[in-house]
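*Asks:* This is the structure alone, sequence omitted:
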C-alpha cells in the first residue's frame, strides 16, 4: 500500500465515522503548537519526500508564519498550509472536547499500524516534524 492509498483509506474511515475536531472553539490549532500540546508529529521519509515536492511548487513559502511556538507549516490564521500532504500523525488526530488528547479510532489505528509494519524501515526513520529541515527552510 502506498502512502497516498493509506491517506485515501484514512479519509474514508474519518468520513464514515464522522470524526472531526471536538473542541468547542472548532479547532484553534492548539494541537499544532508543541509548546501548548506537549507533543509533536513525526514524519517518515516518504512523507518528507511528498512534503518537499509540495513545497517545491509553492512560491515564496515562509515557514513559521504562525510563530516559533507553532508547527512550522501553520499560516498566520492557524491553518495548515500543507494540509493536502500532511503527515499521518496529523491525519489521525482529532481532539476530544476541549482537551488536546486525541480521540481514538481503532479502524484508523489498525490501518496505520498495518501500513507501518509493511514499511518498517521507513517507520524506523521517523523524525519529529519540527526537527527536520525541509526544502527551502533555513
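*Replies:* On my side now, so go ahead. Note that the structure is a prediction, hence the values are computed from the model and not measured.
*Asks:* Can you report how many residues neighbour residue 53?
*Replies:* Using other Cβ atoms under 10 Å, residue 53 has 11 neighbouring residues. For glycine as for every other residue, the C-beta is placed from the backbone atoms N, C-alpha and C.
*Asks:* before we move on, what about the one 10 residues further on?
*Replies:* Residues lying near residue 63 (other Cβ under 10 Å) number 18.
*Asks:* what about the strands in the chain?
*Replies:* Along the chain, the segments classed as strands by DSSP state E run 42-43, 127-128.
*Asks:* Residue 126: how many residues sit nearby?
*Replies:* Using other Cβ under 10 Å, residue 126 has 19 other residues around it.
*Asks:* Roughly how far does it sit from residue 87?
*Replies:* 9 Å (Cβ to Cβ, to the nearest Å).
*Asks:* can you pull the contacts of residue 72?
*Replies:* 63, 64, 129, 130, 134, 137 (Cβ atoms under 8 Å, 6 or more residues apart in numbering).
*Asks:* ok so, going back, overlap of the contact sets of residue 126 and residue 87?
*Replies:* 42, 43, 44.
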